[in-house]
Every structure is written in C-alpha cells, then in structure tokens.
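S.K.: have a look at this prediction, sequence included:
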Amino acid sequence: MKNKFAVCLNCMDGRVHLPVIQWIKENYEVEYVDLITEPGIDGILADFNSDINDIINKLEISVDKHESKYIFIGGHYDCLGHPVDNENHKKDVMVAVERIKNIKSSCKVIGLWISDEFSVEKITEI
Ligand SMILES: [Zn+2]
C-alpha cells in the first residue's frame, strides 16, 4: 500500500503541530504530514516582499517526491512570529493559500486556523 502524504506549512510554535497533524489525519485520507515551519509562516507567505524560495524548494520535495496532493497552511492564536489579531491572521492565511495555489495549481490548498484552545478550523480550500 502506498503511503499518503500531505504537507503543512505551519508556524514553528510547538503547540500547533500535534493538533494540526491529528486534524488533517481525521479529515483527509492522509497517513503522514510533512512539516515546513517558520515563525509566523502565514505572515511570511502573505507578504509579497518576502523571499519564499526556500519554503517553495522544501514544498517541492514533498509534492514531487512524496506526491503530496494537499498543502495545508496554518495560522494560530498567540503567534509570536506574526503578532497580529486573529482576523488579520485569517486574512493572511487566505492570501497565503491563494499565493501557494498559484504556484502549485495541481494541489488542493487548505487554510487552517488554530484557536486559543488549539482546536483547528478550516478557513478555505481551493
Ligand atoms: Zn506562531
């Protein structure tokens, strides 16, 4: 049986990883979640002046070698790497999802919000 991978672009914050991996495995047919982390990654991806080549190179390993079909992008409550309010986080996740979808159009790109209780909600899927 072939392993099914997804890839998640998420904050480096240690509080978010297990809830997000668990949520993805419960809601999608995925066995393993490759993780690409940066502090406040939703803010980096939503800022068109930021250099995201390094992130894209890592993403391509997962998409090309692990055949990941789903790309998740997370933003979370109380983020030190991107200290904006919740509504602006969600907006940045939306922008980040569209930016990554334009680069990897063959993948489903899903935006996630991780709340103050570290529960996961889907914001968008394109
Ligand atoms: Zn964070």
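M.R.: Sure, I can see it. Fair warning: this is a prediction, and the values are worked out from it, not measured in the lab. Numbering: from 1, shown residues only.

S.K.: contact residues of the protein facing the ion?
M.R.: 11, 13, 79, 81 (Cβ under 5 Å from the ion). Using the backbone N, CA and C atoms, a C-beta is placed for each residue, glycine as well.

S.K.: state the pair within those that is farthest apart.
M.R.: Asp13 and Gly81 (7.5 Å; Cβ to Cβ).

S.K.: more neighbours, the two?
M.R.: Asp13 (19 against 16; other Cβ atoms under 10 Å).

S.K.: how near is that one to Ile41?
M.R.: Distance from Asp13 to Ile41, counting by Cβ to Cβ, to the nearest Å: 10 Å.

S.K.: now Lys69
M.R.: 20 Å.

S.K.: next one: Ile114
M.R.: To Ile41, Ile114 is 12 Å away according to Cβ to Cβ.

S.K.: the helices in this protein, which residues?
M.R.: Applying DSSP state H to the chain gives helices spanning 17-27, 41-46, 53-65, 86-103.

S.K.: what is the residue most central in space within the chain paired to in the beta sheet?
M.R.: Closest residue to the average C-alpha location of the chain: Ile73 at 1.7 Å, with Cα atoms, centre = their mean. Beta bridges link Ile73 to Leu9, Gly111, judged by DSSP bridges.

S.K.: list the contacts of it.
M.R.: Residues in contact with Ile73, defined by Cβ atoms under 8 Å, 6 or more residues apart in numbering, are 8-10, 41-42, 45, 93, 96-97, 100, 109-112.

S.K.: mind putting the residues you listed into CSV with pLDDT and neighbour count?
M.R.: Shown next, in CSV, are these (pLDDT from 0 to 100; neighbours: other Cβ atoms under 10 Å):
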residue, pLDDT, neighbour count
Cys8, 98, 26
Leu9, 98, 27
Asn10, 98, 24
Ile41, 98, 27
Asp42, 98, 32
Leu45, 98, 24
Val93, 98, 25
Ala96, 98, 24
Val97, 98, 25
Ile100, 98, 23
Val109, 98, 22
Ile110, 98, 22
Gly111, 98, 25
Leu112, 98, 27
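
S.K.: hang on, Ile52 packs against Leu45?
M.R.: Yes: Ile52 is within contact range of Leu45, at 6.3 Å (criterion: Cβ atoms under 8 Å).
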